[in-house]
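Asker: got a sequence here, can you build the structure:
(one chain, ligands or ions: 1)
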Amino acid sequence: MVCIAKASVTKPLWARTLRSEVLSPTSRRSFRGFTARRILRTRGPTPSYAQVGLFFSTSTGKTEDVASIIKEKMGTADAKDISDVDVSTLVDYDGLVVGAPTWNTGADSERSGTGWDDVLSDISGLDLNGKPVAVFGLGDSVSYGEYFCDAMEEVYRHFKNAGAKMVGHWPADDYQHEDSKSLLDDGKFCGLALDEDNEDDKTEGRVAAWVEQLKGEGF
Ligand SMILES: Cc1cc2nc3c(=O)[nH]c(=O)nc-3n(C[C@H](O)[C@H](O)[C@H](O)COP(=O)(O)O)c2cc1C
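Answerer: Below is the predicted model:
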C-alpha cells in the first residue's frame, strides 16, 4: 500500500499526463515538444547530442534498424517514426538527423513512399534557420541502380527550404549505383547513402565515419 502511494507520487507529472487517456489528441500533441526535450535532457549519454532529434520512416524496417545504429553511435535519444511526430516540434531541437528509404521508383515527388511524403510540405514551412540537419537514405544500388536513394534528395531539399544548415554530404565513390537524384553538383551524395540489400556489411563502418564527420560540421 505504501509502495503504491510512493510510486504514484514520485512518477513525474509529464509521464503520468502523457499516458492518460483523458487527454485529447490536441492536448497530447501540445505535450510532445516538451516531452521530447525532457527525455532528451535526461537520457542522452553524450550531452552534446542530447538535443539532437533522430527521425526516420520505413516500410520494411531497414531504415529504422539503421536509425538505431546512428542512435547508438551518436548517443541521441530514441529515433522516432516521422509519422508519429507533430512536425512543428522539430524546431525545438538543436540539430536533426533524418532518414528515408526510396520506394516510389523514378518519381519526381513523394519518392519515399513512406510517412515523409505526408509532411515534407509542412517541413518546408518551418523556421529551421541555421539548424544543422543531416540526411541519410536507404536504397538498393543494384536492382534500382538508376534511382539509388532518390528520396534522400527530396527530404534534403525540404529541410533546406526551411533554412536548415545542411551537413553530412558524403562521397559517392564506394557504391555500385548508376545514377541518383541525391547526387550534388560536386559529385557527392547530399547525405549518407546506405544499401542494406546488397552492402549491409558496409553500413556500420559508413555510419561510424559519417557520425565522426558530423562532429566537425556542427553536431
Ligand atoms: C518495389 C520496390 C521499389 C524500390 N524502389 C527503389 C528505388 O527507386 N531506389 C532505391 O534506391 N531503392 C529502391 N527500393 C529498395 C528499398 O529502398 C530498400 O530495400 C530499403 O532498404 C527499404 O527500406 P525500409 O525497409 O526502411 O522501407 C525499392 C524496393 C522495392 C521492393
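Asker: switch to C-alpha atoms for all contacts and neighbour counts from now on
Answerer: OK.
Asker: pretty sure Gly205 belongs to a helix, no?
Answerer: Yes - counting by DSSP: H, G, I helix; E, B strand; the rest coil, Gly205 falls inside a helix.
Asker: residue contacts, it?
Answerer: Gly205 makes no contacts at all, as judged by C-alpha atoms under 8 Å, 6 or more residues apart in numbering.
Asker: which residues of the chain lie near the ligand?
Answerer: Counting by C-alpha under 6 Å from any ligand atom, the residues of the chain close to the ligand are 58-63, 101-106, 138-141, 144, 147-150, 196-197.
Asker: can I get the buried part of those residues as one PyMOL selection?
Answerer: Listed next is the PyMOL selection for buried residues among the residues of the chain next to the ligand, using 16 or more other C-alpha atoms under 10 Å:
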select buried, resi 58+62+63+101+102+103+104+105+106+138+139+140+141+144+147+148+149+150+196
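Asker: filter the residues of the chain next to the ligand down to just the ones in helices.
Answerer: 62-63, 150 (DSSP state H).
Asker: can you map out the strands along the chain?
Answerer: Counting by DSSP state E, one finds strands in the chain at the ranges 52-56, 80-81, 95-101, 132-138, 165-167, 192-194.
Asker: could the ones you listed go into JSON lines alongside mean pLDDT?
Answerer: As requested, those are exported to JSON lines (pLDDT from 0 to 100):
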{"stretch": "strand 52-56", "mean pLDDT": "97"}
{"stretch": "strand 80-81", "mean pLDDT": "98"}
{"stretch": "strand 95-101", "mean pLDDT": "98"}
{"stretch": "strand 132-138", "mean pLDDT": "98"}
{"stretch": "strand 165-167", "mean pLDDT": "98"}
{"stretch": "strand 192-194", "mean pLDDT": "99"}
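Asker: turn those into CSV, including distance to Val119.
Answerer: As requested, these are exported to CSV (distance: least, C-alpha to C-alpha, whole Å):
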stretch, distance to Val119
strand 52-56, 12
strand 80-81, 12
strand 95-101, 12
strand 132-138, 15
strand 165-167, 18
strand 192-194, 21
